[in-house]
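Visitor: No letters, just coordinates:
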């Protein structure tokens, strides 16, 4: 097991990618996971499911955009386990709106969780990491660290900001035993994917479009992201810091969308 008896905090782990990461850490790799989520019901569901599968998980309610709530999460974790080995500041929100309709409130809401919230979580854990002389942060980015889509300006800016934050911290704290990396998923089978299909006039055409334009031919699974996060959180990646690991089925390697017309070899 890659993470046996490691203490890990995963924010936003009541559902989606966070849940996939928490399950991979606890069930597959032997970590003791703190399931941190604003939603008490889904957070408890995740922790209960992990324990039922033989893993070790504890739910703590937390608003990852609120410094007092995050500080309480960290203090409770240290009081219970005595240390923190891994932080995955995963909590985030999606955003799609034409930029001319985007308000400052929209910008602040997206950045408040997707970028500021990541910094809040890291800052809260730093004193314990430095006291231990070790600590590993796996921040969750996106394929938006490599490119963007129309109407995603606040989201893309926040995710690229996460990459910059991680690079800066990796350089600053490498000599003190801390590692910081970004894991950037492509489109995955979470609520975001359901929302994309629901917003489409023809859901099947939507699914066909994405199957055709993801080289692997499918959207990712939370378990795909969990496995990649476990690698970055483990000693298998000891010489990796400041990196951006893209797990996207080849999305960002494709120059343009797959043509929708037949073509002869050139």
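Guide: That came in fine, so what should we check first? Just so it is clear, the model here is predicted, and its values are computed rather than measured.

Visitor: longest helix of the chain?
Guide: The longest helix of the chain (DSSP state H) is helix 153-173.

Visitor: contacts for that helix?
Guide: 94-96, 99, 102, 106-107, 110-111, 114-115, 118-119, 122, 129, 137, 139-142, 144-145, 148-149, 178-182, 184, 241-242, 244 (Cβ atoms under 8 Å, 6 or more residues apart in numbering). Placement of C-beta: from N, CA and C, glycine included.

Visitor: among the residues you listed, which are in helices?
Guide: Short answer: the contacts of helix 153-173 in helices (DSSP H) are 106, 107, 110, 111, 114, 118, 119, 122, 129.

Visitor: Of the residues you listed, keep whichever come out buried.
Guide: Neighbour-count burial (16 or more other Cβ atoms under 10 Å) applied to these gives 106, 110, 111, 114, 118, 119, 122, 129.

Visitor: Need the max-distance pair from those.
Guide: Greatest spatial distance in these: 106 and 129, 33.0 Å, computed using Cβ to Cβ.

Visitor: Now do the buried residues in stretch 34-49.
Guide: Result for stretch 34-49 [16+ other Cβ under 10 Å]: buried residues 34, 35, 36, 37, 38, 42, 43, 44, 45, 46, 47, 49.

Visitor: er, stretch 127-139 actually
Guide: 128, 129, 135, 136, 137, 138, 139.

Visitor: Correct me if wrong: the last one contacts residue 86.
Guide: No: the pair residue 139 and residue 86 fails to qualify as a contact (Cβ atoms under 8 Å) at a distance of 11.6 Å.

Visitor: returning to that earlier point: what's the mean pLDDT across the longest helix of the chain?
Guide: When pLDDT is averaged over helix 153-173, the result is 98.

Visitor: OK, contacts around the spatially closest residue to residue 121 that is not a sequence neighbour?
Guide: Counting by Cβ to Cβ, 6 or more residues apart in numbering, the nearest residue to residue 121 once its immediate chain neighbours are dropped is residue 89, at 4.0 Å. Counting by Cβ under 8 Å, 6+ apart, residue 89 touches 11, 64, 117, 118, 121, 122, 137, 139, 140.

Visitor: need the residues you listed in TSV with pLDDT and distance to residue 160, can you?
Guide: Shown next, in TSV, are these (pLDDT from 0 to 100; distance: Cβ to Cβ, whole Å):
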residue	pLDDT	distance to residue 160
11	98	20
64	98	19
117	98	15
118	98	12
121	98	18
122	98	17
137	98	17
139	98	12
140	98	13
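
Visitor: Out of the residues you listed, which is nearest to residue 26?
Guide: residue 11 (15.0 Å).

Visitor: what separates the closest one from residue 168, distance-wise?
Guide: Noted for residue 11: a distance of 20 Å to residue 168, by Cβ to Cβ, to the nearest Å.

Visitor: which of the two has more neighbours?
Guide: For residue 11 and residue 168, the more surrounded residue by other Cβ atoms under 10 Å is residue 11, and the numbers stand at 32 against 12.

Visitor: Now do the contacts for residue 234.
Guide: 2, 3, 29.

Visitor: now the residues you listed as JSON lines including pLDDT and neighbour count?
Guide: Formatted as JSON lines, the contacts of residue 234 follow (pLDDT from 0 to 100; neighbours: other Cβ atoms under 10 Å):
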{"residue": "2", "pLDDT": "97", "neighbour count": "18"}
{"residue": "3", "pLDDT": "98", "neighbour count": "24"}
{"residue": "29", "pLDDT": "98", "neighbour count": "23"}
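
Visitor: can I get those in TSV with secondary structure and distance to residue 213?
Guide: Putting the contacts of residue 234 into TSV (DSSP: H, G, I helix; E, B strand; the rest coil; distance: Cβ to Cβ, whole Å) gives the following:
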residue	secondary structure	distance to residue 213
2	coil	33
3	coil	34
29	coil	32
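
Visitor: Show the residue spans covered by the strands in the stretch 151-266 of the chain.
Guide: For the stretch 151-266 of the chain, the strands defined by DSSP state E, counting those that start in this stretch cover 178-185, 244-247.
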